[in-house]
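Asks: kindly generate the corresponding structure for this input.
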Amino acid sequence: MAQALLEVEGLTKRFGGVVALEDVTLRVHQGETVGLIGPNGAGKTTLFNCVTGLLRADRGAIRFGRRNPESLAGLAAHHIVQRGIARTFQNIRLFGSMSVLENVVLGTYQRTHTGLWGAALATREARQEQQWAAERAMELLELVRLQDRAEALGASLPFGLQRRLEIARALASDPVLLLLDEPAAGLNPVEKQALLALIQRIKAQGLTMVLIEHDMHVVMPISDRVVVLDYGKTIAEGSAEAIQRDARVIEAYLGVPQRGADAAR
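Replies: Now for the predicted structure:
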């Protein structure tokens with residue numbers, strides 16, 4: 001099998017006496033969209049937090065990069081973003097008093113070089129970078145269908161559009177890997193369809209993604225492969241079709257063995 005872009009091996013994370021992740025292994029290959037599912041408390045967001053440097057694992061390895069994989073252990077979150085991993089959060093983290101465009105421009109700063117002093121002095125390079133950042137931000141707003149809201153305040157957007165704005169800001173760092181943490185949470189059916197269409201557009205561009213999601217109508221159509229966590233352990237992995245028939249997955253979600261699930265149909 002080809003070298004994985006992201007390799008997680010034997011990852012374990014404890015919070016006191018609670019084991020949030022236990023010996024989890026995950027491999028994500030370039031161009032894949034992987035769905036990460038499981039009941040509440042299964043450890044999905046904890047896994048994202050370990051990969052992105054918000055938490056430090058107690059044991060295990062996290063390596064990133066297709067040609068020369070680099071260990072992410074001990075790296076600060078902003079250094080991991082610089083290496084090409086971006087994410088969204090369950091709880092939206094926008095700057096409500098800034099415009100939609102400004103929110104996305106902020107995401108480009110991981111890819112600029114002039115720094116604070118260059119911006120303050122308005123050097124030629126800084127002006128060029130600012131123009132590039134604004135143009136790139138508008139491209140991303142077009143991708144998420146928010147170009148007509150560029151001057152609106154982030155806080156003024158309906159919840160579903162704020163979700164899309166957060167994805168645009170994550171894309172502004174030009175990631176190699178995008179981690180989406182429950183992007184459909186709190187959306188109505190129409191908003192979910194718009195979100196699914198957006199993820200499909202991003203997928204068509206070849207970006208590698210891992211998607212945490214509870215709504216199977218979102219995660220199943222878009223995922224090349226689905227990984228299931230339960231109580232911090234990987235209990236199943238495979239195609240969307242295979243996962244939906246897996247007895248362990250049915251038991252984890254329904255709380256009944258396969259025989260009971262069959263009888264309830």
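
Asks: which phi and psi does the nearest residue to residue 175 once chain neighbours are set aside have?
Replies: Once flanking residues are discounted, residue 175 sits nearest to residue 86: 3.7 Å by Cβ to Cβ, 6 or more residues apart in numbering. From N, CA and C alone the C-beta is placed, and that goes for glycine too. Note on residue 86: backbone dihedrals following degrees, to the nearest 10 are phi -120, psi 160.

Asks: just give me the neighbour total for residue 16.
Replies: Look at residue 16: counted by other Cβ atoms under 10 Å, it has 5 neighbours.

Asks: the residue nearest to residue 175: what's it in contact with?
Replies: Residues near residue 86 by Cβ atoms under 8 Å, 6 or more residues apart in numbering: 107, 170-171, 173, 175, 177-179.

Asks: of the residues you listed, which belong to strands?
Replies: Residues of those located in strands (DSSP state E): 177-179.

Asks: which neighbouring elements make contact with the helix ranked longest in the chain?
Replies: Ranked by residue count under DSSP state H, the longest helix found in the chain is helix 124-143. When contacts are defined as 3 or more Cβ pairs under 8 Å, 6 or more residues apart in numbering; DSSP states H and E, helix 124-143 sits against helix 100-107, helix 115-121, helix 159-171, helix 189-204.

Asks: now it and helix 189-204, what's the angle there?
Replies: With axes from the mean of the first three to the mean of the last three Cα atoms, to 10 degrees applied, the angle from helix 124-143 to helix 189-204 works out at 130 degrees.

Asks: export the helices and strands packed on helix 124-143 as JSON lines, with columns for distance to residue 224, mean neighbour count and mean pLDDT.
Replies: Shown next, in JSON lines, are the helices and strands packed on helix 124-143 (distance: least, Cβ to Cβ, whole Å; neighbours: other Cβ atoms under 10 Å; pLDDT from 0 to 100):
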{"stretch": "helix 100-107", "distance to residue 224": "26", "mean neighbour count": "23", "mean pLDDT": "92"}
{"stretch": "helix 115-121", "distance to residue 224": "39", "mean neighbour count": "11", "mean pLDDT": "51"}
{"stretch": "helix 159-171", "distance to residue 224": "19", "mean neighbour count": "22", "mean pLDDT": "95"}
{"stretch": "helix 189-204", "distance to residue 224": "9", "mean neighbour count": "16", "mean pLDDT": "95"}
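
Asks: can you redo those helices as JSON lines with distance to residue 65?
Replies: Shown next, in JSON lines, are the helices and strands packed on helix 124-143 (distance: least, Cβ to Cβ, whole Å):
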{"stretch": "helix 100-107", "distance to residue 65": "21"}
{"stretch": "helix 115-121", "distance to residue 65": "26"}
{"stretch": "helix 159-171", "distance to residue 65": "19"}
{"stretch": "helix 189-204", "distance to residue 65": "21"}
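
Asks: quick one: closest of those helices to residue 72.
Replies: Residue 72 lies closest to helix 159-171 among the helices and strands packed on helix 124-143, at 17.4 Å (Cβ to Cβ).

Asks: what does the closest one rub up against?
Replies: With Cβ under 8 Å, 6+ apart, helix 159-171 has contacts from 86-89, 92-94, 100, 103-104, 106-107, 137, 140-141, 143-146, 149, 154, 157, 178, 180, 183-184, 186-188, 191, 194-195, 198, 202.

Asks: please repeat the previous calculation with a cut-off of 6 Å.
Replies: Residues from elsewhere that reach helix 159-171, judged by Cβ atoms under 6 Å, 6 or more residues apart in numbering: 86, 88, 92, 94, 100, 103-104, 107, 140, 144, 183, 186-187, 191.

Asks: which stretches of the stretch 101-250 of the chain have low pLDDT?
Replies: 111-124, 126 (pLDDT under 70).

Asks: can I get the CA coordinates of stretch 46-57 in CSV?
Replies: What follows is stretch 46-57, C-alpha atoms only, in CSV (Å, rounded to 0.1, in the frame of the first residue of the first chain):
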residue,chain,number,x,y,z
THR,A,46,-9.7,13.9,21.3
LEU,A,47,-8.0,12.3,18.3
PHE,A,48,-8.3,15.5,16.3
ASN,A,49,-6.9,17.5,19.2
CYS,A,50,-3.9,15.2,19.5
VAL,A,51,-3.2,15.4,15.8
THR,A,52,-3.4,19.2,15.7
GLY,A,53,-1.3,19.8,18.8
LEU,A,54,-4.0,21.0,21.2
LEU,A,55,-3.4,17.9,23.3
ARG,A,56,-0.3,15.8,23.8
ALA,A,57,-0.9,12.0,23.7
